[in-house]
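# Have a look at this prediction, sequence included:
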Amino acid sequence: MGMFISFFVLTITGLPIKFEQSRLSQGVVSLFGGFDNLFYVHLLGGVLMIFASVYHLIYLVVVPLGGKKKSWAIVPTFKDFKDLIQNLGYFFGFKKEPARFDRYSYKEKFDYWAVFWGMVIMAGSGLMMWYPQFFTLFLPRWVIDSSRYAHTDEAILAISAIFIWHFYNVHFNNRYFPMSKAWYVGTLTREEMEEDHPIELERIEREPNVLSKDKTKE
């Protein structure tokens, strides 16, 4: 939820900063009562996003240390590459069947791991612009100067990926419209499992000790 909220806050406040000459941007700035207020909200959004990311990283370390078994299913494998080729062949009519996915598809893995790449660039460059005097103690001036371009260009890439790639897969797809409920329900129906994660469904049904209620519901 923290990542969800911070992303939209940063998008709404960040685009007017990058395109400050736009009339629409000037209107958004006015809604915030001036540039200073908008910029302050943008910084708060950045802090929230960094906090959410750090919390997630700590969670990834603490869970295995607490004795709970950690799944590595989100890690990309060679099967993801084969699934991509299979799906491309299916989309273009060269294959008769689409790829069959396990717990996570290559699309879901891309969504997940792209955040790590984006956070390194966004948080790193954002902090450089926020505290340039500190970072010039360790980095040359050209790196600090380049941080603005890295920050804004990565932001446009992230916004484009979310509103084109991600929104289609979980919102505009006619199977999920207006949205996939998995993000807050935490479960998938059997029909959704059969369509999107048939390999995991087969494993759940084959192994009676697997708690199917964690992933499926009748």
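Perfect, thanks for sending it. Numbers count the residues shown, from 1 in each chain.
# so the nearest residue to residue 95 once chain neighbours are set aside is in which element?
Once flanking residues are discounted, residue 95 sits nearest to residue 89: 3.6 Å by C-beta to C-beta, 6 or more residues apart in numbering. Yep, even glycine has a C-beta here, placed from its N, CA and C like the rest. Element membership for residue 89 (DSSP states H and E) is helix 78-91.
# Contacts for that helix, please.
Here helix 78-91 makes contact (C-beta atoms under 8 Å, 6 or more residues apart in numbering) with 95, 96, 97, 98, 99, 100, 101, 102, 105, 106, 109.
# Can you point out the buried residues in the top helix by length along the chain?
In the chain, with assignment by DSSP state H, the single longest helix is helix 35-65. For helix 35-65, the neighbour count (16 or more other C-beta atoms under 10 Å) marks 38, 39, 42, 45, 46, 48, 49, 50, 52, 53 as buried.
# OK, contacts around the second one?
Going back to what we said before, that points to residue 39. By C-beta under 8 Å, 6+ apart, the neighbours of residue 39 are 13, 17.
# What distance do you get for it to residue 28?
From residue 39 across to residue 28, the span is 12 Å (C-beta to C-beta, to the nearest Å).
# quick one: common contacting residues for those two?
Shared contacts of residue 39 and residue 28, counting by C-beta under 8 Å, 6+ apart, come down to residue 13.
# tell me how far the longest helix of the chain is from the chain's mean position?
13 Å (C-alpha atoms, centre = their mean, to the nearest Å).
# same question for that helix, mean pLDDT?
For helix 35-65, mean pLDDT rounds to 91.
# and what of stretch 72-81?
Per-residue scores along stretch 72-81 average to 93.
# do the same with stretch 193-210
84.
# Please apply the same query to stretch 133-152.
93.
# how long is it end to end?
20 Å (C-alpha to C-alpha, to the nearest Å).
# Would you mind listing the buried residues in it?
135, 144, 147, 150, 151, 152.
# Which ones among those lie within helices?
Using DSSP H, those in helices are 135, 144, 147, 150, 151, 152.
# got a markdown table for those, with distance to residue 6 too?
Formatted as a markdown table, those follow (distance: C-beta to C-beta, whole Å):
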| residue | distance to residue 6 |
| --- | --- |
| 135 | 22 |
| 144 | 24 |
| 147 | 19 |
| 150 | 19 |
| 151 | 15 |
| 152 | 17 |
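# Could you give the number of residues near residue 10?
23 (other C-beta atoms under 10 Å).
# Which two of the buried residues of stretch 133-152 have the greatest separation?
The span of these, defined through C-beta to C-beta, is set by 135 and 152 at 17.6 Å.
# and the gap between residue 88 and residue 190?
28 Å.
# actually residue 35, not the one I typed
Relative to residue 190, and taking C-beta to C-beta, residue 35 is found at 52 Å.
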